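Colleague: Generate coordinates for the sequence data below:
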Amino acid sequence: MSRFYCDLTLAPGLTVALPDAVARHALAARRLRAGSDVVLFNGDGAEYAGVLESVGGRGASVRLVRRLDPVRESSLRVQRSQASPAVHSVRSGFTQRVNVIEGANLDVHGASRGYTSGQLRNQG
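Modeller: Next comes the predicted model:
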């Protein structure tokens with residue numbers, strides 16, 4: 001199924017004319033024909049499934065069928081590890097702070113001092 005960005009108001013039940021550049025890409029590059037399933041999105045966080053209806057010359061229109069709300073968050077857990085010969089160095093402390101601020105589950109082996117997210121938020 002082909003997916004296209006369109007800076008248009010999208011909603012189920014609407015029939016929208018594709019912008020010229022999108023229509024050219026859909027018809028010439030992707031070689032879609034009338035009846036092809038497509039997905040349009042406009043940056044509002046949702047996607048809209050539709051069917052390519054009228055195809056003529058360089059233009060095309062899509063009848064939107066339903067709104068899709070895809071899950072954007074990854075289900076993968078990110079964990080970083082840092083091995084540093086100079087545990088007390090400025091760079092080591094900075095890296096630990098950045099990792100905690102970014103929400104990583106930091107695992108520093110052999111470190112004699114560590115940072116918690118509460119300590120870092122107070123440091124600014």
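
Colleague: Just the element for Val51, please.
Modeller: Element membership for Val51, per DSSP states H and E: strand 47-56.

Colleague: buried stuff in that strand?
Modeller: Within strand 47-56, the residues that qualify as buried are 47-50, 52, 55, counting by 16 or more other CB atoms under 10 Å. Glycine gets a C-beta too; all of them are placed from N, C-alpha and C.

Colleague: Same check on stretch 25-45?
Modeller: Quick answer for stretch 25-45 (16+ other CB under 10 Å): 26-27, 32, 36, 38-42.

Colleague: Among the residues you listed, which lie within strands?
Modeller: Counting by DSSP state E, those place 38-41 in strands.

Colleague: closest to Val16 among the residues you listed?
Modeller: Val16 has its nearest neighbour among these in Leu40, at 7.4 Å by CB to CB.

Colleague: got a list of what the closest one touches?
Modeller: With contact set as CB atoms under 8 Å, 6 or more residues apart in numbering, Leu40 has these partners: 3-6, 8, 10, 16, 47-48, 50, 62, 64.
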